[in-house]
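Participant: missing the sequence, but the structure's below:
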C-alpha cells in the first residue's frame, strides 16, 4: 500500500503569476512543436519501417523524448 502526498520537491512561492510565460511553457510540452508531439511522431513512424533495427531506434528515440 502507498500514501500519495501532493507536495513539491522544493517549496515555491509565486508572487506575480505570468500567464504569457505559462502559455509558452505549456506549448513546449503539448503543442504541435512540443516534446509530446515529437515523441508521438517517432512512435507512429516506427510502424512503417521495414528494418527491425530502425524500428528499435525509433522506439528508443520516441520513449526518450516523452
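Facilitator: That came through, no problem. Here the structure is a predicted model, which means the values were calculated and not measured.
Participant: C-alpha only now, for contacts and for neighbours.
Facilitator: Fine.
Participant: ok, residue 56 - contacts?
Facilitator: By CA atoms under 8 Å, 6 or more residues apart in numbering, the contact set of residue 56 is residue 46.
Participant: Start the count at 457 instead of 1 going forward.
Facilitator: Renumbered: residue one is now 457, and that last one reads residue 512.
Participant: how much space between it and residue 492?
Facilitator: Noted for residue 512: a distance of 19 Å to residue 492, by CA to CA, to the nearest Å.
Participant: any low-confidence regions in this protein?
Facilitator: The chain contains residues with pLDDT under 70 at 457, 521-522.
Participant: And the helices in it, which stretches?
Facilitator: Under the criterion DSSP state H, helices of the chain are mapped to 475-486, 491-501, 508-521.
Participant: Which of those helices sits closest to residue 464?
Facilitator: helix 475-486 (17.9 Å; CA to CA).
Participant: Give me the helices and strands touching the closest one, please.
Facilitator: helix 491-501 (3 or more CA pairs under 8 Å, 6 or more residues apart in numbering; DSSP states H and E).
Participant: Quick check: buried residues in the helix it packs on?
Facilitator: Using 16 or more other CA atoms under 10 Å as the test for burial, helix 491-501 gives 491, 492, 493, 494, 495, 498, 499.
Participant: What is it packed up against?
Facilitator: Here helix 491-501 touches helix 475-486, helix 508-521, going by 3+ CA pairs under 8 Å, 6+ apart.
Participant: Could you look over those helices and pick the most buried one?
Facilitator: Among these, helix 508-521 has the highest mean neighbour count (mean count of other CA atoms under 10 Å), at a mean of 14.
Participant: what's the offset of that one from the middle of its chain?
Facilitator: Distance of helix 508-521 from the chain centroid (CA atoms, centre = their mean, to the nearest Å) equals 15 Å.
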